[in-house]
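Novice: One predicted model, sequence on top.
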Amino acid sequence: MKIVVIGGTGLVGSKVVQALSSRGHDAVAAAPSTGVNTITGEGLAEVLAGASVVVDVSNSPALDDSAIEFFRTATANLLTAEKNAGVGHHVALSVVGTAKLATQSGYFQAKLLQEKLISEGPIPFSIVHATQFFEFLNTLADSATVGDTVVMPPAYFQPMAGADVAEGVAVTAVGEPVNGIAEIGGPDMVLLPDLIRTALTARGDSRTVVADPAAQYWGIDIGERTLVPGPGATLFDTRFEDWVLAAAAKA
């Protein structure tokens, strides 16, 4: 079947396209670079013609309050175009802990709005809540660096490889709509400071990592398990140590 992947040229989107194509589906990558723009509506009708499923893994250009208008406009345009095209399943990628994170973050308020628009919209849907990606651990460390020290809250998280995120999204896309949230995560629950320390050591980064209960996560106060998926989550097998070795082999 034809499955359109909005944001299909990005880190996760390109992997979703690959995962769907390997299953024999007609996976179409849609992004501004391919002539499809969810903000202006350009190219939406054309790319959605004949599509059974739409997967949205696109993201706001800025991770702040401006994301609210991005997701409001993009999601509304996409759902309207899907209804006109007769699409039967809308799949969106979001984040484990979004509702809790939204209390202090404009970006996560935007993601929560996106989820609300989808759940109240006209298309049967599945929202995939994923944990943090291994690929973004260094960016996370940079966001919490003061001088030569990375200061992280002693909270648990259960990160996963981007390829596993894509696999989880692809599996959801070819299944029946759940009309709710499906959670996915990595195999191991670890403390943020511990894995950040391991990630930095693996790349020869000499920054010191310390745990501080007063520290924030992207400027947000979080609880011990805010970032951890629930007991019904689908967990993937790729461990960080194996992912690092595989990434080094490709470098």
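Specialist: Arrived safely, thanks for sending.
Novice: Which strands and helices lie in contact with the strand or helix carrying Val165?
Specialist: Secondary structure assignment for Val165, by DSSP states H and E: helix 162-174. With contacts taken as 3 or more Cβ pairs under 8 Å, 6 or more residues apart in numbering; DSSP states H and E, helix 162-174 sits against helix 11-22, strand 53-56, strand 89-95, strand 125-130, strand 181-185. Quick note: C-beta positions are derived from backbone N, CA and C, even for glycine.
Novice: could you dump the ones you listed to JSON lines with mean pLDDT?
Specialist: Converted to JSON lines, these look like this (pLDDT from 0 to 100):
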{"stretch": "helix 11-22", "mean pLDDT": "97"}
{"stretch": "strand 53-56", "mean pLDDT": "98"}
{"stretch": "strand 89-95", "mean pLDDT": "98"}
{"stretch": "strand 125-130", "mean pLDDT": "98"}
{"stretch": "strand 181-185", "mean pLDDT": "98"}
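Novice: Can you tell me the number of residues neighbouring Val87?
Specialist: Using other Cβ atoms under 10 Å, Val87 has 23 other residues around it.
Novice: Neighbours of Asp64, how many?
Specialist: 13.
Novice: Can you tell me how far the residue nearest to it when sequence neighbours are not counted is from Leu63?
Specialist: Counting by Cβ to Cβ, 6 or more residues apart in numbering, Asp64 lies nearest to Gly106, which is 5.4 Å off, once chain neighbours are set aside. If you measure Gly106 against Leu63 using Cβ to Cβ, to the nearest Å, the figure is 9 Å.
Novice: Likewise for Phe133?
Specialist: Distance, Phe133 to Leu63, by Cβ to Cβ: 14 Å.
Novice: out of the two, which sits in the busier spot?
Specialist: Shown here are Phe133 and Leu63; by other Cβ under 10 Å, Phe133 has more neighbours (20 against 14).
Novice: how near is the closest residue in space to the more buried one that isn't next to it in sequence to Ser14?
Specialist: Nearest residue to Phe133 in three dimensions, chain neighbours excluded: Gly162, at 5.0 Å (Cβ to Cβ, 6+ apart). From Gly162 over to Ser14 the distance is 10 Å, taken as Cβ to Cβ.
Novice: and the residue nearest to Asp64, what does it touch?
Specialist: 64-68 (Cβ atoms under 8 Å, 6 or more residues apart in numbering).
Novice: What's the PyMOL syntax to select whichever of those are buried?
Specialist: Selection of buried members from the contacts of Gly106 for PyMOL, criterion 16 or more other Cβ atoms under 10 Å:
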select buried, resi 67+68
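Novice: out of the contacts of Gly106, who's nearest Leu192?
Specialist: Asp64 (21.9 Å; Cβ to Cβ).
Novice: Hmm, Phe70 and that closest one touching each other?
Specialist: No. Between Asp64 and Phe70 there is no contact under Cβ atoms under 8 Å: 10.3 Å.
Novice: So which residues of the stretch 101-250 of the chain form strands?
Specialist: 125-130, 145-146, 149-152, 156-157, 181-185, 190-191, 208-211, 234-235 (DSSP state E, counting those that start in this stretch).
Novice: between those, which one is nearest to Val174?
Specialist: Across the strands of the stretch 101-250 of the chain, Val174 has its closest neighbour in strand 125-130 (10.7 Å, Cβ to Cβ).
Novice: That closest one pairs with which strands?
Specialist: Strand pairing for strand 125-130, using DSSP bridges, gives strand 89-95 (parallel), strand 181-185 (parallel).
Novice: Using TSV, lay out these together with mean neighbour count and distance to Leu140.
Specialist: Converted to TSV, the strands paired with strand 125-130 look like this (neighbours: other Cβ atoms under 10 Å; distance: least, Cβ to Cβ, whole Å):
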stretch	mean neighbour count	distance to Leu140
strand 89-95	24	13
strand 181-185	22	16
